[in-house]
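>>> My questions concern the predicted model and sequence given below.
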Amino acid sequence: MRHPLRALPLLITLCILLVGCGSTTATPSPTATTTSQVTLNVFAAASLTESFTQIAAQYKQAHPNVTVKFNFAGSQVLEQQLANGAPADIFASADLANMQKASSAGLVGSSQVFVKNKLVVIIPVSNPGKINTLKDLANKGVKIDFAAATVPAGKYGRQVLANMANAPGYGAAYQKAVLGNIVSQEDNVKAVVTKVQLGEADAGFVYRSDVTDAVASKLTVIPIPDNFNVVAQYPIAVVKNSAHPNDAQAFIQYILSPDGQAVLVKFHFIGLNG
Amino acid sequence: MDKLHLSRTRVFLEKLDPKGIWSRWPARILVGVLAGSFFLFLGIPLASLLLREPPGVLWSSMQQPEVIQALQLSIVTTCISTLLAVLFGLPVAYVLARLRFPGRKFLETLVTIPTVLPPVVAGVALLLTFGRMGLIGRYLNLFGITLPFTTAAVVMAQMFVSSPFFVNSARAGLEQLDTRYEQAAYTLRASPFYAFRRVVLPLIRPALLSGVGLAWARALGELGATITFAGNFPGITQTMPIAVYIAAETDIDTAVAISVVLMAVSFGVLLALRVGRDRV
């Protein structure tokens, strides 16, 4: 019988080789720029994924020495990660509540709102739930996917339904019926998009900006009228223990500038002047 | 190597150290240090969960209805998924261990893949197959059967990721078993089914029980595939790990408390299986 540890040296060699290959490609060439290299770690709400990625690419062209790295997740997750000491330079939240939480814990400096967003209802183009208006969401057996109440999008969605409960034509019965149709409470808003896009849920409450070009052809959008809708305010702040506070502040200024705002508007956010 | 030279060295060493204390102790110390630090590496993080919350907080969080609901759902679904893993996995293990056919290595690898697949990907794969618009799900949908967002989906997700552990363990047990035991039973005119039940199964009992333990534990800890395929709804699809995951995002104390409950339950069950395995 062969010795069971005989393959071990081979395995170890293989691991070392793989690590070696990985690191040679990952090492940035030191002669690329004359100024010192800066890496900014940006913790941003999941709904900012596409727009911030593009803003960072534009920023890199103007500032080749700054590399922006993202950690996209639900704002409540990011706040927890910051509280537990995750290294970050910028925190961009999808709601004021999580920024407030981070601020009162002394994790971030002063924050400012940089963009706004509002909710829409999305349905798969195949429309398996036969939903044509907001009223149809209360039909029996409709499968509605929601973000959990702890997620900003989920909180806003519930506020929209509460607003509709007080409105003529909808009422408390409507609110109850829609809440009763919820089949799942996702841990972030992008998971709602995925399930509706795959046609597994009949409808979902998401941000307008979540209907990106990549998924627009698979989804139909039902707008929520402004009198029921909740305008989500996105605050951004420099993290207190940032190693590069000046570079972080410069990146925030770029997001607030017309160039940065234009990208956000392109991704269906509501700009500061909009 | 020179044999004479070796034996001379040994004689010399034995004279120096007649009871073999010096030659044994370095090995013992090495084993002790390595094993000890390994136990600390596993044990301290687990203990840190226990130490974070005072017992009163743990006790009150255990009595929250959502926690009890999630615990019940976790126990029921993991028991069903483990039973199904045994029911379907045993024939698979037998075929892989005993039959020689082309493509056997391929099937063996296929059975192991779910253990390396990121669970979220497993969940997406299940959605694309058994979802309402999925490859198989669309036909089930014609009969009014929809699986996503149901407790059945939780069981399927658990079975998908956990049954390989049982199959591989059972297969290893069967491969190591001498086939002459079975043949002896056949010479005494035992039917194949009788021989399998009365001869093979008792002989590979330790392998089966450790497979059951591994599969059950993996199912109990399952998060990614479940939340992707079955979603998250209290009482229907919210298992303990999902409750922990959602709670951890806003309230780390509740999350730790639920994890301690989860840990205690799984420790108890795995310990019982281990004791049962060694007692024949």
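Perfect, thanks for sending it. Numbers count the residues shown, from 1 in each chain, chains lettered A, B, ... in the order given.
>>> Quick one: residues contacting the residue in the stretch 101-250 of chain B positioned nearest to chain A.
The minimum distance from the stretch 101-250 of chain B to chain A, using C-beta to the nearest C-beta, falls at B:G231 (2.8 Å). (C-beta placed from N, C-alpha, C; glycine too.) Residues near B:G231 by C-beta atoms under 8 Å, 6 or more residues apart in numbering or on different chains: A:145, A:183-186, A:195, B:148-149, B:153, B:237.
>>> Could you find the closest non-adjacent residue to it?
A:S184 (2.8 Å; C-beta to C-beta, 6 or more residues apart in numbering or on different chains).
>>> In terms of helix, strand or coil, where does the one you found fall?
Under DSSP: H, G, I helix; E, B strand; the rest coil, A:S184 falls in the strand class.
>>> Confirm for me that it is in contact with B:F149.
Yes - A:S184 lies in contact with B:F149 (C-beta atoms under 8 Å); the separation is 5.4 Å.
>>> The residue in the stretch 51-200 of chain A positioned nearest to chain B bridge partners, please.
Going by C-beta to the nearest C-beta, chain B is nearest to A:S184 of the stretch 51-200 of chain A, at 2.8 Å. A:S184 has these beta-bridge partners by DSSP bridges: A:D145.
>>> What is the burial count for it?
26 (other C-beta atoms under 10 Å in any protein chain shown).
>>> That one and B:G221, how far apart?
20 Å (C-beta to C-beta, to the nearest Å).
>>> same deal with A:Q61?
45 Å.
>>> Please identify the residues of the stretch 51-200 of chain A in proximity to chain B?
Taking C-beta under 8 Å from any C-beta of the partner chain as the criterion, the stretch 51-200 of chain A approaches chain B at residues A:74, A:76-77, A:80, A:126, A:128, A:143, A:145, A:148, A:150-151, A:182-187, A:191, A:195, A:198-200.
>>> Low-confidence ranges, chain B, go.
B:1-6, B:13, B:18-23, B:279-280 (pLDDT under 70).
>>> cutoff 50 now
By pLDDT under 50, the low-scoring segments of chain B are B:1.
>>> what residues does stretch A:265-274 touch?
Contact with stretch A:265-274 is made by A:50-51, A:54, A:113-118, A:208-209, A:211-212, A:231, A:234, A:256, A:261-262, A:264, as judged by C-beta under 8 Å, 6+ apart.
>>> Flag every buried residue along that stretch.
By neighbour count with 16 or more other C-beta atoms under 10 Å in any protein chain shown, stretch A:265-274 contains the buried residues A:265, A:267-271.
>>> Run a quick neighbour tally on A:A105.
Look at A:A105: counted by other C-beta under 10 Å, it has 12 neighbours.
>>> Pretty sure it sits against A:A83.
Yes - A:A105 lies in contact with A:A83 (C-beta under 8 Å); the separation is 5.8 Å.
>>> Let me see the contact set for A:Y174.
Here A:Y174 is in contact with A:135, A:138, A:161, A:164-165 (C-beta under 8 Å, 6+ apart).
>>> Which of those residues fall within helices?
A:161, A:164-165 (DSSP state H).
>>> tell me, how many neighbours does B:V120 end up with?
If we define neighbours as other C-beta under 10 Å, then B:V120 has 15 of them.
>>> Could I get the phi/psi values of the residue most central in space within chain A?
Centroid-nearest residue in chain A, with C-alpha atoms, centre = their mean: A:A46, separated by 1.3 Å. Dihedral pair for A:A46: phi -60, psi -30, per degrees, to the nearest 10.
>>> cool, A:I131 as well?
phi -110, psi 120.
>>> what separates it from A:V121, distance-wise?
8 Å.
>>> swap in B:L34?
From B:L34 to A:V121 the distance is 58 Å (C-beta to C-beta).
>>> between the two, who's got more neighbours?
Remark: of B:L34 and A:V121, A:V121 carries more neighbours, 22 against 10, as counted by other C-beta under 10 Å.
>>> quick one on the thing from earlier: so what's the residue nearest to B:G231 up against?
A:145-146, A:195, A:201, B:149, B:230-233, B:237.
>>> How about B:L128?
Counting by C-beta under 8 Å, 6+ apart, B:L128 has contacts A:198, B:134-135.
>>> Close to chain A: what parts of the stretch 101-250 of chain B are there?
Residues of the stretch 101-250 of chain B lying near chain A (C-beta under 8 Å from any C-beta): B:127-128, B:131-133, B:148-149, B:227-228, B:230-233, B:237, B:245-246, B:248-250.
>>> quick one: which of the residues you listed sit in strands?
With strands taken from DSSP state E, there is no overlap with these.
>>> now, which of those lie within helices?
The members of these that map onto helices under DSSP H are B:127-128, B:227-228, B:245-246, B:248-250.
>>> Identify the farthest-apart pair in those.
Pairwise distances across these (C-beta to C-beta) peak at 31.2 Å, for the pair B:L128 and B:T250.
>>> and the end-to-end length of stretch B:12-26?
Terminal residues of stretch B:12-26 lie 18 Å apart, using C-alpha to C-alpha, to the nearest Å.
>>> Just the element for residue 59, please.
Here I'm looking at chain A. A:Y59 is located in helix A:49-62, with elements delineated by DSSP states H and E.
>>> should've been chain B
Using DSSP H and E, B:W59 falls in helix B:55-62.
>>> do the same with A:F114
Here A:F114 is assigned to strand A:112-124, by DSSP H and E.
>>> Can you show me the CA trace of that strand as PDB?
The C-alpha coordinates for strand A:112-124 follow below in PDB (Å, rounded to 0.1, in the frame of the first residue of the first chain):
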ATOM      1  CA  GLN A 112     -23.200  64.900   4.100                       C
ATOM      2  CA  VAL A 113     -26.000  63.700   1.800                       C
ATOM      3  CA  PHE A 114     -24.500  63.100  -1.700                       C
ATOM      4  CA  VAL A 115     -27.400  61.600  -3.600                       C
ATOM      5  CA  LYS A 116     -31.100  60.600  -3.300                       C
ATOM      6  CA  ASN A 117     -33.000  57.600  -4.500                       C
ATOM      7  CA  LYS A 118     -36.600  56.300  -4.400                       C
ATOM      8  CA  LEU A 119     -38.400  53.000  -4.500                       C
ATOM      9  CA  VAL A 120     -40.100  51.300  -7.400                       C
ATOM     10  CA  VAL A 121     -41.900  48.000  -7.800                       C
ATOM     11  CA  ILE A 122     -40.200  45.600 -10.200                       C
ATOM     12  CA  ILE A 123     -41.900  42.600 -11.900                       C
ATOM     13  CA  PRO A 124     -40.400  40.000 -14.300                       C
END
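>>> That strand to helix A:49-62, inter-axis angle?
Put simply, strand A:112-124 runs at 130 degrees to helix A:49-62, going by axes from the mean of the first three to the mean of the last three C-alpha atoms, to 10 degrees.
>>> can you tell me which residues contact B:D251?
Contacts of B:D251 by C-beta under 8 Å, 6+ apart: none found.
>>> again, but for A:I252
A:I252 neighbours (C-beta under 8 Å, 6+ apart): A:90, A:112, A:114, A:236-238.
>>> Any of those residues buried? List them.
If we count by 16+ other C-beta under 10 Å, the contacts of A:I252 have these buried: A:90, A:114, A:236-238.
>>> Now the two most distant members of those residues.
Across those, the longest distance by C-beta to C-beta is 12.5 Å; it joins A:F114 and A:V238.
>>> Out of the contacts of B:L128, who's the most crowded?
That'd be B:G134 among the contacts of B:L128, by other C-beta under 10 Å, with 21 neighbours.
>>> chain center to stretch A:98-117: distance?
16 Å (C-alpha atoms, centre = their mean, to the nearest Å).
>>> Only the buried residues of it, if you could.
A:98-99, A:101-103, A:107-108, A:111, A:114-117.
>>> Could you report the neighbour count for the nearest residue to B:V199 once chain neighbours are set aside?
The shortest distance from B:V199 to any non-neighbouring residue, by C-beta to C-beta, 6+ apart, is to B:A185 (4.7 Å). Residues within reach of B:A185, counting by other C-beta under 10 Å, total 18.
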